[in-house]
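Q: next input, structure requested:
(3 chains)
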Amino acid sequence: MTIDGTLSPSGADAPGRSTAPGSTSSRATRVLGWTSLVGIAALVVFGLWITPPDAQLGETIRILYMHVPTVSAAYVAFIITAVGSIAYLWKRSEFWDLLAASSAEIGVLFFALTIFNGMLWGRITWGVFWRWEPRLTTTTVLFLTYLGYLAVRRIPTSARTRGTVSAVIGILAVVNIPITHKAVDWWRGLHQEKTIFGTVDPEMQGTQLFTAYLGLTVFLVLFAWLLIHRFRLAWLTERAQERSLDEAIAERRAEGSAS
Amino acid sequence: MNETAYIVAAWLGTFGSVAAYAAWIIRRGRRASEVVAEQDRRWM
Amino acid sequence: MDVNPPPVSDDPESPDAEELGGAPPLDLSPRTARHAEDARSGRSPRAVLAVGAVVLVVIALGVVLFNGLQSASTFFYNVDEAVERRDDLAGDRFRMQGNVVPGSVETTDDGVSFVVRYGGAEVPVDHVGDPPELFGPEIPVVLEGQFVGERFASDEILIRHDNEYDEANPERIQQAEQDAQQGAAG
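A: Alright, predicted model coming up:
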């Protein structure tokens, strides 16, 4: 929505601008995109057909093939946001600010999907969609924090102020991850222990373990693909805004000369 | 309670949302590319 | 969005450039905002919306932190702890965790009754409502309700899932597939 106003069709043939149709794609994104598609197809076949139902969970283990990779990718995204935030405060370059922001947005999407999948799984397994138990409560805090990060970025201000404020939030927010991750060990609740990295469950065997790692790989590739596109979009949006500012100045110059 | 419906909802909801988001950012990227000078799109 | 007029005066080679004596002075007097760009620094609807969103998120965070963490920290008592605190808990609604004692499950008119055990203590339970699908002997459950005398009156059974992911053995796969087919047919 933010760039709609700057995209008047009359600008297409102005000097200094390309008239050729462009996009945020490149060879790298095409490779990642096709890899994701093939991976998703394989994941559907393995996750929904080839793997046997679990002895304890039955068919509901198939929901965890979505739940675990989405949360892992979301954590990776939030860690990239924190790294980008630190790098921004240090280097003060636009690159790190936009990378942090792009990563956070995709992280929020993946984390929302984790919660969605988890609620469906909880309804079958626990019998309820939601309870305010430790893992789910800390998860909500984590989710709201990053929602806040994105909301703060939308407050109109200078790029430097926006970058600084959001970088501070981006660094503080990442503390939520170990708290959320450890909540199952620190407090008693409904949620099962450890569903993430390295613990993608040592007890899961054979094709179940393979499918779990396949899901993790597919979602990380998918995340990389989305991140590159989202970063380039953020970059273009900044350029488009600069351009429209230049145009506004030029316009006023023109008005000044006309009067 | 039908387990299959929940599983299908989880998978469709996940991939559907990601696909919708991807389509959204790619479309916005195309439109933004039209107004930005070529030297600012070095990945092309 | 309106179409911007072409910036004629910026071009020093344009026919009117000479007459005006080079670049005209920039008019810096304030004027009413016509473009989104002009309004960016002011109180545009976008700014109000963004600040509103931030405020909403902060309020939500506060509510969750205050209420959520309070109830989350004592999400349930184990059966032995609940028995120990029976006098304190009298009349209170709380959650109690234990394993269903095999052979104790009986269907009643409005639900099920069974015994839960944990840490050497046992409590008989009267549950109102249908138990969840995975309910059964040995299953760890979290019950929501209160003590009524010596018994626990429950109205919600939550299944506590434990961490075993053993690949199903052939008989169980068969069973699960049969269940699935029945579920699909029914």
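Q: check contacts around the residue lying closest to residue C:73 once chain neighbours are set aside.
A: In space, not counting the residues next to it along the chain, residue C:73 is nearest to residue A:187; the distance is 5.8 Å by Cβ to Cβ, 6 or more residues apart in numbering or on different chains. Placement of C-beta: from N, CA and C, glycine included. When contacts are counted by Cβ atoms under 8 Å, 6 or more residues apart in numbering or on different chains, residue A:187 is found next to A:134, C:72, C:73, C:75.
Q: where does the chain have low pLDDT?
A: Defaulting to chain A. A:1-21, A:56, A:193-205, A:259 (pLDDT under 70).
Q: chain C was what I was after
A: Under the criterion pLDDT under 70, the flagged ranges of chain C are C:1-43, C:162-186.
Q: again, only this time at 90
A: Applying pLDDT under 90 to chain C picks out residues C:1-52, C:54-55, C:58-75, C:88-92, C:130-140, C:149, C:159-186.
Q: what domains does the record give for it?
A: Domain ranges of chain C: C:43-72, C:77-159, per automatic domain parsing.
Q: now these in CSV, with mean neighbour count?
A: Shown next, in CSV, are the domains of chain C (neighbours: other Cβ atoms under 10 Å in any protein chain shown):
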stretch, mean neighbour count
domain C:43-72, 15
domain C:77-159, 17
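Q: need those in TSV with distance to chain B, can you?
A: Compiled in TSV, those are given as follows (distance: least, Cβ to the nearest Cβ, whole Å):
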stretch	distance to chain B
domain C:43-72	17
domain C:77-159	6
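Q: tabulate these (TSV), appending distance to residue A:226.
A: Shown next, in TSV, are the domains of chain C (distance: least, Cβ to Cβ, whole Å):
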stretch	distance to residue A:226
domain C:43-72	23
domain C:77-159	35
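Q: ok, residue A:220 to residue A:257 distance?
A: 56 Å (Cβ to Cβ, to the nearest Å).
Q: the two: who's more crowded?
A: residue A:257 (20 against 16; other Cβ atoms under 10 Å in any protein chain shown).
Q: element containing the more buried one?
A: helix A:206-258 (DSSP states H and E).
Q: against which helices or strands is that helix packed?
A: Contacting helix A:206-258 under the criterion 3 or more Cβ pairs under 8 Å, 6 or more residues apart in numbering or on different chains; DSSP states H and E are the following elements: helix A:27-45, helix A:61-91, helix A:94-125, helix B:3-35, helix C:36-39.
Q: among these, which is nearest residue A:176?
A: Nearest of the helices and strands packed on helix A:206-258 to residue A:176, taken as Cβ to Cβ: helix A:61-91 at 8.2 Å.
Q: tell me if the closest one is near chain B.
A: Yes: Helix A:61-91 reaches chain B (Cβ under 8 Å from any Cβ of the partner chain) through A:62, A:63, A:66, A:67, A:70.
Q: residues near the residue nearest to the first one when sequence neighbours are not counted, how many?
A: To tie it back to what came earlier, the one meant is residue A:62. Nearest non-adjacent residue to residue A:62, counting by Cβ to Cβ, 6+ apart: residue B:7, 4.8 Å away. Using other Cβ under 10 Å, residue B:7 is surrounded by 23 other residues.
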